[in-house]
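Peer 1: just a sequence and a predicted model for now, questions to come.
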Amino acid sequence: MEQKDLDNVTEAAQTPVPSNEYEREPVPKSSLLKFRDFIGMYAGEHCAGTEIMLGPLFVAAGVSAGDLVLGLIVGNLLAVLSWIFLCALIATRSRLTLYYQLEKICGRKLVTIYNLANGIMFCFLAGAMITVSATAIGVWFKFPMPGLNDIYPNSAGWVAAVLAVGILISLVAAFGYKQVAKFANISAPWMVLVFAAFGIIGIKQFINVTGAEISSFADFWQLAETRIWKGGEPLPGQVKFTFWHVTFFAWFCNMAMHIGMSDLSVLRYAKKPWYAAASASGMYIGHFMAWISASALYAYQLHLDPSNTDVLPGPMAYRAAGLAGIICVIIAGWTTANPTIYRAGLAFQAVMPKASRFKVTFATGLLATAAGLFPAIAMKLLDFVALYGLILMPMGAVIFVDFWWMKKLGLKRNFAQLCRKSFNMAAGITWFAAVAICLVLVKFANIQIFFVGLPGWFIAAGLYILLSKVYQRNAYIPSTSKEAE
């Protein structure tokens, strides 16, 4: 064999191949991952470029320093506990994807509707992450970028940047969860340092322009209360935030992942339920440190020019940390979009089980890339995340009730599989009714969207129990069926 041929063989051996993702079977023990794999994934996913868009919300909402810090401590703790006790306990027992778990409960037709809706929303979410990364590339190559009110792409440079980032992200996601976790573990430590630098630089900028002397924590806290999170009136069009707003925002901004059970697909690889405590790396690095750091940068921007209320991750990061800030935002967008596209690929894979997972996931990434071309998605990210969580939350309650309570209540678990039904009416009505009730509360009772998730979960759980009692009463169970555990 010639040297050229040997080189080709070596290159092929080093190229990752699509792995078995166990879409319709439990993950075997041989494929379980270590705790550190989840630390990197959660830190990378939640310490992302989008945090530079989310953090300024608290400054714009006129929150006080005390309410912000205490609310983030409590809210993020509740989110971690939700991952452990609601999601991971089921994930490590069933070791099934969210989509296959729902198929056994709800039936093929209902889950097809759910998977299509879920996959499309994941694509929009990943598209927003790609948009964030593209704003950093825009600073680097100096092409025109869309404004906050733009809907469509406004330059060839913008289109090229989004396509380049999106294709690279899609390839990483298509090679499977192990490649996603590997990419996050490589990127996360460096990103954490840069996000910490954002906060330090933001505080230092305030010190320089105000002449404040910081020699103790009390001096720093006074600066925080009087210059950054002043607790005054919110910016025009914003809602005033209190401790409760911050707490429920931090808890429910990822409601789709923990209470909505989307992370069943990820945590099925965990050896123990407590591995979900790795989500704390995302909550207290991304949703605590990174939000606070971004808040400081935005408050400084408003201090220099109160009329400049724009929130663009790339330019904000560049002003704070130069080239390192640009690279951080690009990679941070990748580490968020990677697992999001992976989840969306699994959703579409469940609809087309015979299709190649690699091809489905890569095509999903291209759909997310197309969504990323439209900046309006990223600019409305807060509203989208809140609505997305509400849409998925009822099915999370259905899974929880079905897994833990049905047998205790004398009802059948995995009803669609047991009765060979393609549409479990009890689950379907629960899903549509619970979402409708929550939206009515938001629209007509003037309850902010982040506050309706908690009562909405109990409404969904109660509806599913009551409807199941009625629906299962006269249901025909084939004599050859055995209740699936």
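Peer 2: In hand now; what should we look at? This one's a predicted model, so the numbers in the text were calculated from it and none came from an experiment.
Peer 1: going by C-alpha atoms from here, please, whenever you check contacts or count neighbours.
Peer 2: Will do.
Peer 1: mind listing what the residue lying closest to L102 once chain neighbours are set aside touches?
Peer 2: Excluding its sequence neighbours, the residue lying closest to L102 (C-alpha to C-alpha, 6 or more residues apart in numbering) is V111, at 6.4 Å. With C-alpha atoms under 8 Å, 6 or more residues apart in numbering as the criterion, the residues that contact V111 are Y99, L102, E103.
Peer 1: in helices, which of these appear?
Peer 2: Those of those mapping onto helices are Y99, L102, E103, per DSSP state H.
Peer 1: what's the closest of those to L466?
Peer 2: Within those, the smallest distance to L466 is 18.7 Å, found for L102 (C-alpha to C-alpha).
Peer 1: correct me if wrong: that closest one contacts F400.
Peer 2: No: using C-alpha atoms under 8 Å, L102 makes no contact with F400, being 10.8 Å away.
Peer 1: neighbour count: those two, which is higher?
Peer 2: Taking other C-alpha atoms under 10 Å, L102 and F400 do not tie; L102 has more neighbours (25 against 20).
Peer 1: quick check: that one vs A290, distance?
Peer 2: Using C-alpha to C-alpha, to the nearest Å, we find L102 at a distance of 34 Å from A290.
Peer 1: for the stretch 201-350 of the chain, which segments count as helices?
Peer 2: For the stretch 201-350 of the chain, the helices defined by DSSP state H, counting those that start in this stretch occupy 217-223, 243-252, 264-267, 279-281, 291-304, 313-351.
Peer 1: touching, T131 and A378? I think so.
Peer 2: Yes: T131 lies in contact with A378 (C-alpha under 8 Å); the separation is 6.7 Å.
Peer 1: got any residues that touch both of these two?
Peer 2: Common contacts of T131 and A378 (C-alpha under 8 Å, 6+ apart): G372.
Peer 1: between these two, who's got more neighbours?
Peer 2: Ranked by neighbour count (other C-alpha under 10 Å), T131 and A378 place T131 first, with 32 against 25.
Peer 1: excluding covalently adjacent residues, which one is nearest to that one?
Peer 2: On the basis of C-alpha to C-alpha, 6+ apart, the spatially nearest residue to T131 that is not a chain neighbour turns out to be G372, at 5.0 Å.
Peer 1: what's the burial count for that neighbour?
Peer 2: Neighbours around G372, by other C-alpha under 10 Å: 30.
Peer 1: that one touches F122, doesn't it?
Peer 2: No: assessed by C-alpha under 8 Å, G372 is found out of contact with F122, at 11.9 Å.
Peer 1: just list the residues touching H258, thanks.
Peer 2: With contact set as C-alpha under 8 Å, 6+ apart, H258 has these partners: A79, S82, W83, L86, C87.
Peer 1: switch the cut-off to 6 Å
Peer 2: Neighbouring residues of H258 by C-alpha atoms under 6 Å, 6 or more residues apart in numbering: S82, W83, C87.
Peer 1: list phi and psi for the second one.
Peer 2: The phi and psi values for W83, taken as degrees, to the nearest 10, are phi -60, psi -40.
Peer 1: Provide a list of residues in contact with it.
Peer 2: By C-alpha under 6 Å, 6+ apart, W83 lies in contact with H258, A276.
Peer 1: residue numbering should commence at 670 henceforth.
Peer 2: OK, 670 is where the count begins now, so the last one is W752.
Peer 1: would you mind measuring from it to G740?
Peer 2: Distance from W752 to G740, by C-alpha to C-alpha: 18 Å.
Peer 1: likewise for the first one?
Peer 2: Applying C-alpha to C-alpha, one obtains 16 Å for the distance of S751 from G740.
Peer 1: got the buried residues for stretch 859-876?
Peer 2: Neighbour counts over stretch 859-876 (16 or more other C-alpha atoms under 10 Å) mark 860-861, 863-868, 870-876 as buried.
Peer 1: any chance you could list what contacts that stretch?
Peer 2: Residues contacting stretch 859-876 (C-alpha under 6 Å, 6+ apart): A959, S962, A965, L966, A989, C997.
Peer 1: rerun at 8 Å
Peer 2: 713, 716, 881-883, 896, 954, 958-959, 961-963, 965-966, 969, 986, 989-990, 993-994, 997, 1000-1001.
Peer 1: try stretch 971-978
Peer 2: Applying C-alpha under 8 Å, 6+ apart, the set of residues contacting stretch 971-978 from outside is Q970.
Peer 1: now it, how far from the chain's geometric center?
Peer 2: Put simply, stretch 971-978 sits 30 Å off its chain's centre (C-alpha atoms, centre = their mean, to the nearest Å).
Peer 1: repeat for stretch 789-800
Peer 2: That offset, for stretch 789-800, works out to 10 Å (C-alpha atoms, centre = their mean).
Peer 1: what's the answer for stretch 878-891, then?
Peer 2: On C-alpha atoms, centre = their mean, the centre of stretch 878-891 falls 35 Å from that of its chain.
Peer 1: tally of neighbours for I708?
Peer 2: The tally of other residues near I708 (other C-alpha under 10 Å) stands at 23.
Peer 1: what's near enough to touch it?
Peer 2: N854, A947, S948, S950, G951.
Peer 1: so the residue nearest to L771 sits in a strand?
Peer 2: No: per DSSP: H, G, I helix; E, B strand; the rest coil, V780 lies outside any strand segment and is helix.
Peer 1: I figured S962 hits G724, correct?
Peer 2: Yes: contact criterion C-alpha under 8 Å: S962 and G724 qualify, at 7.4 Å.
Peer 1: for the stretch 820-969 of the chain, which spans come out with low pLDDT?
Peer 2: Low-confidence segments of the stretch 820-969 of the chain (pLDDT under 70): 845-857.
Peer 1: again, but for the stretch 670-819 of the chain
Peer 2: Within the stretch 670-819 of the chain, the stretches with pLDDT under 70 are 670-689, 718, 817-818.
Peer 1: may I ask which of the contacts of I708 has the most neighbours?
Peer 2: For those, the largest number of neighbours (other C-alpha under 10 Å) sits with G951, at 27 neighbours.
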